[in-house]
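# Would you be able to build a 3D model of this:
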Amino acid sequence: MSRLRAGVLALILAAAALPWVAGAQDSGRQISESQRRLQEIRSERQRLRRELQGIQGRVGSVSAEIRIIQQQQQMSAALLREISTQLGQTERQIDSTTAEMILTQAELANKKEMLNRRLREIYKRGPLQSAQVLLSAHSFGDLLNRYKYLHLVARRDRQLVEEVGELARELELREVELRRSLADMQYLQNEREQENATLTNLRADRTQTLTSLRTTQRRATSRLETLARDERRMTGLIAELERRRREGERRAAAAAATRPAGSPAPSRPAASSMTTADLGNLDWPVSGQVVYSFGRSRQSNGTTIRYNGIGIGAAPGTAVRAIEGGTVEMAAPFEGYGPTVVVSHGGGYYSLYLYLREVMVRPGAQITKGQTVGTVGGEGTPEGAHVEFQIREPGGSAVDPLTWLRRRR
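Predicted structure coming up:
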């Protein structure tokens, strides 16, 4: 009867363990799927970090940097959700493993009790009990039945020993699985803390970048307004020079028309030292890299600046030379551009040398091609030390100086 009760108890424990086993398998699949999503999120975040580093290395667009930071925030939030999912699954797995361990421990205790009881019975009957049972048989048939009975009892005893060993090994595996799950939970909790710190840093970076963007936008807007104002002044200066030149030509033409016969001819305006034949053949005013080109230039912050000349970067104090001979119309500081030299080459052509450190010529002086007009300045500008070089055609319009300068290798 005691064996019957033990068998029934074992069946009940095994039936109770089936839902836990199925739950553990389902939990394992969910954790595997969550780990796969975690790996995808981590890979995407690494790509975003590399893209952000590339943008920052190129002094790239601040708006693009904000976009990358926002995407990183989304990745971090998704990563936190997956970590929370894994923590929940791991907690359920720990509960399942713990329940399985309790069942296994109960079953092992029951099997051990049965084995101990059986060992006590064998000990009490002594080592010759099997021989006595066989020798006390009344017939050959009785002998066979007793032998078969002893064989079944011995087989059941071996099976009981094997079951005890199997349950002990299973309990050990459950303990190992539980320790691994607890270690996984600790790792996930640490990762969640690190990810929370990362998310906080990303939010701080985004705030700082937005502040920097607004500051940059204000500076860019201010510089745009300054450049536009300076350009209007420079355009007004050239327009005034052109007005005087044309007025002088009209007066000369009127004087020639009313000149009495036999009187000496009035002096004519000097011929232009620049012609279209010079296109692509003029020497550079200073050697250096072009730091900005003629025309509209889109800045990294999204604003657009129009340059009426080219910026040529060079060491401060480097000599700046006239591209052609002519008359110095202006040699003085000009608001917004600093020390400035404007040379008239006749016929409405002008060359302008801006952002100089010092001026080496005087207004009204006649200069020759290659003569030093000043030195490179511009250290206080966003582009650093450079000289801005402009060419104005008849009418005062600015043209691309690169079409006039000799092409460099």
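# Next SSE downstream of the helix or strand hosting Gln194?
Using DSSP states H and E, Gln194 falls within helix 140-257. Towards the C-terminus, the helix or strand next in line after helix 140-257, according to DSSP H and E, is strand 289-292.
# which other helices and strands contact the next helix or strand after that next one?
Beyond strand 289-292 in the direction of the C-terminus, DSSP H and E gives the next helix or strand as strand 295-298. Strand 295-298 makes packing contacts with strand 304-307 when contacts are defined by 3 or more Cβ pairs under 8 Å, 6 or more residues apart in numbering; DSSP states H and E. (Glycine included, C-beta is placed from N, CA and C.)
# helices or strands up against the next helix or strand after the strand it packs on?
Under the assignment DSSP H and E, the closest C-terminal helix or strand after strand 304-307 is strand 310-313. Here strand 310-313 touches strand 289-292, strand 386-392, going by 3+ Cβ pairs under 8 Å, 6+ apart.
# Which elements pack onto whichever helix or strand comes after the last one?
Under the assignment DSSP H and E, the closest C-terminal helix or strand after strand 386-392 is strand 398-399. Using 3+ Cβ pairs under 8 Å, 6+ apart as the contact criterion, the secondary-structure elements in contact with strand 398-399 are strand 386-392.
# now the strand it packs on against helix 140-257, angle please.
Angle between the axes of strand 386-392 and helix 140-257 is 50 degrees (criterion: axes from the mean of the first three to the mean of the last three Cα atoms, to 10 degrees).
# can you list contacts of strand 386-392?
For strand 386-392, the external contacting residues (Cβ atoms under 8 Å, 6 or more residues apart in numbering) are 238, 285-286, 288, 291, 307-314, 320, 337, 348-356, 376-378, 398-399, 401, 404.
# how about a cut-off of 7 Å?
Residues lying outside strand 386-392 but in contact with it, judged by Cβ atoms under 7 Å, 6 or more residues apart in numbering, are 238, 285-286, 291, 308-314, 320, 350-356, 376, 378, 398-399, 401, 404.
# before we move on, what about stretch 330-347?
With Cβ under 7 Å, 6+ apart as the test, stretch 330-347 has contacts from 226, 229-230, 233, 237, 241, 269-274, 322, 324, 326-329, 350-359, 361-363, 367, 373-374, 377, 394.
# end-to-end on that stretch?
End-to-end distance of stretch 330-347: 17 Å, with Cα to Cα, to the nearest Å as the criterion.
# what does the average pLDDT come to for it?
Average pLDDT, stretch 330-347: 91.
# got TSV for the helices and strands packed on strand 310-313, with mean pLDDT, mean neighbour count and distance to Gly88 too?
Conversion of the helices and strands packed on strand 310-313 to TSV gives the following (pLDDT from 0 to 100; neighbours: other Cβ atoms under 10 Å; distance: least, Cβ to Cβ, whole Å):
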stretch	mean pLDDT	mean neighbour count	distance to Gly88
strand 289-292	93	15	57
strand 386-392	95	25	61
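# Any chance of CSV for those strands, columns distance to Glu91?
CSV is the format used below for those (distance: least, Cβ to Cβ, whole Å):
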stretch, distance to Glu91
strand 289-292, 61
strand 386-392, 65
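# between those, which gets nearest to Thr211?
Nearest of the helices and strands packed on strand 310-313 to Thr211, taken as Cβ to Cβ: strand 289-292 at 26.8 Å.
# who does the closest one pair up with?
strand 310-313 (antiparallel) (DSSP bridges).
# hey, C-alpha coordinates of the strand it pairs with in CSV?
These are the backbone C-alpha positions of strand 310-313, laid out as CSV (Å, rounded to 0.1, in the frame of the first residue of the first chain):
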residue,chain,number,x,y,z
ILE,A,310,37.3,84.8,-53.2
GLY,A,311,39.0,84.3,-49.9
ILE,A,312,42.7,83.3,-50.2
GLY,A,313,44.2,81.9,-47.0
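# right, and the helix or strand after it?
Next along the chain after strand 310-313, taking DSSP H and E as the criterion, comes strand 319-321.
# Show me what that following strand is packed up against.
With contacts taken as 3 or more Cβ pairs under 7 Å, 6 or more residues apart in numbering; DSSP states H and E, strand 319-321 sits against strand 372-376.
# Tell me which strands the strand it packs on pairs with, and in which orientation.
Each strand that strand 372-376 pairs with, and the sense of that pairing, follows from DSSP bridges: strand 319-321 (antiparallel), strand 356-359 (antiparallel).
# possible to save these as CSV with mean neighbour count, mean pLDDT and distance to Ser344?
Written out in CSV, the entries for the strands paired with strand 372-376 read as follows (neighbours: other Cβ atoms under 10 Å; pLDDT from 0 to 100; distance: least, Cβ to Cβ, whole Å):
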stretch, mean neighbour count, mean pLDDT, distance to Ser344
strand 319-321, 20, 97, 17
strand 356-359, 19, 96, 16
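# quick one, which of the helices and strands packed on strand 310-313 is nearest to Leu171?
In this view, those are compared for proximity to Leu171 by Cβ to Cβ, and strand 289-292 is the closest at 76.2 Å.
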